[in-house]
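# Pasting a predicted model and its sequence here:
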Amino acid sequence: MLFVHDIDVFHGDAQALDKVSLEVPERSIVAIVGANGAGKTSLIRTIAGMHRPAAGIIRFKDRDITGLPSHEVCDLGIGQVAEGRQVFPSLSVAENLAMGAMIPRARRHKARNLERVYAMFPRLLERSGQAAGTLSGGEQQMVAIGRCLMGEPELVMFDEPSLGLAPTVVQDVLRTIRDLAEGGLTCVLVEQNVAVSLKLASRGYVLENGRMTLSGTGTELLADDGVRKAYLGM
């Protein structure tokens with residue numbers, strides 16, 4: 001579904017990504033792991049059209065989307081749940097969710113998608129009139145995921161979805177991602193909890209200093225001595 005080949009990305013004079021390649025099969029979870037500053041968020045933002053690559057190719061469903069602006073990428077069916085949730089704090093839960101349905105592909109089915117989101121997260125229905133900034137971190141993450149789903153994506157990129165959440169809430173969030181994938185959504189998961197993300201993923205990639213250094217199934221990467229030593233403390 002998603003094909004990234006040899007992309008280079010610069011932030012000013014600093015190179016953030018160096019010939020990075022990956023493939024994301026349809027209806028799968030693909031994990032991208034690496035230390036802070038490895039380039040994971042730069043990769044997500046480049047795929048989403050928020051950074052323009054200096055070289056390389058990005059294809060989505062056999063269409064070249066390299067360098068397209070983010071609103072066009074989103075309207076083609078690529079959604080993003082950004083690091084830090086980034087809800088609109090002064091808007092209500094319902095208003096935040098409505099923002100996700102503003103792209104052309106989602107307008108026709110806004111009511112149906114809202115019903116789906118509320119069925120998935122009943123607490124958001126209870127809080128629909130409450131300002132999003134007054135919610136707990138876990139509830140805000142529900143809003144962020146729900147807002148993304150309102151855009152009818154076919155592929156969703158989750159950037160550190162468990163960051164700053166309590167352990168019990170983390171399990172709920174990761175279970176939601178697994179359930180979405182089992183329901184047919186394609187997922188790219190950037191997650192600080194390397195062990196859990198690789199257990200969830202059918203395939204994983206290790207990103208170090210802007211370069212892909214290792215790839216394989218989630219099981220293979222969990223068994224790799226280098227991965228275990230660098231990220232699992234084993």
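Cool, the structure landed.
# What is the burial count for the residue lying closest to residue 103 once chain neighbours are set aside?
Distance criterion CB to CB, 6 or more residues apart in numbering; nearest residue to residue 103, sequence neighbours excluded, is residue 75 at 4.8 Å. Just so you know, the C-beta spots here come from the backbone N, C-alpha and C atoms, and that holds for glycine as well. Around residue 75 there are 16 other residues, counting by other CB atoms under 10 Å.
# Using the three-state scheme, assign residue 75.
Here residue 75 is helix, with the state taken from DSSP: H, G, I helix; E, B strand; the rest coil.
# which residues touch it?
By CB atoms under 8 Å, 6 or more residues apart in numbering, residue 75 lies in contact with 103, 104, 105.
# for the residues you listed, which one is nearest residue 121?
residue 103 (20.6 Å; CB to CB).
# and that closest one, backbone torsions?
Dihedral pair for residue 103: phi -70, psi 150, per degrees, to the nearest 10.
# Repeat that for residue 184.
Residue torsions, per degrees, to the nearest 10, at residue 184 are phi 110, psi 0.
# And residue 135, by the same measure?
phi -80, psi 160.
# List the contacts of residue 27.
Residue 27 neighbours (CB under 8 Å, 6+ apart): 181, 184, 185, 186.
# Could you pick out the longest helix of the chain?
helix 167-182 (DSSP state H).
# what about residue 173, neighbour count?
Neighbours around residue 173, by other CB under 10 Å: 20.
# Let me know the distance separating the closest residue to it other than its chain neighbours from residue 216.
Spatial nearest neighbour of residue 173, chain neighbours left out: residue 161 (5.2 Å); criterion: CB to CB, 6+ apart. From residue 161 across to residue 216, the span is 23 Å (CB to CB, to the nearest Å).
# Who has more neighbours out of the two?
Per other CB under 10 Å, whichever of residue 161 and residue 216 has more neighbours is residue 161, with 24 against 16.
# before we move on, back to that, name the member of the contacts of residue 27 with the shortest distance to residue 8.
Closest to residue 8, out of all of those and judged by CB to CB, is residue 186, at 24.8 Å.
# Just the local confidence number for the closest one, please.
pLDDT for residue 186: 98.
# show me the residues around it that make contact.
Counted by CB under 8 Å, 6+ apart, residue 186 has contacts 1, 2, 24, 25, 26, 27, 28, 154, 155, 156.
# Need the nearest residue in space to the second one, chain neighbours excluded.
In space, not counting the residues next to it along the chain, residue 2 is nearest to residue 24; the distance is 3.9 Å by CB to CB, 6+ apart.
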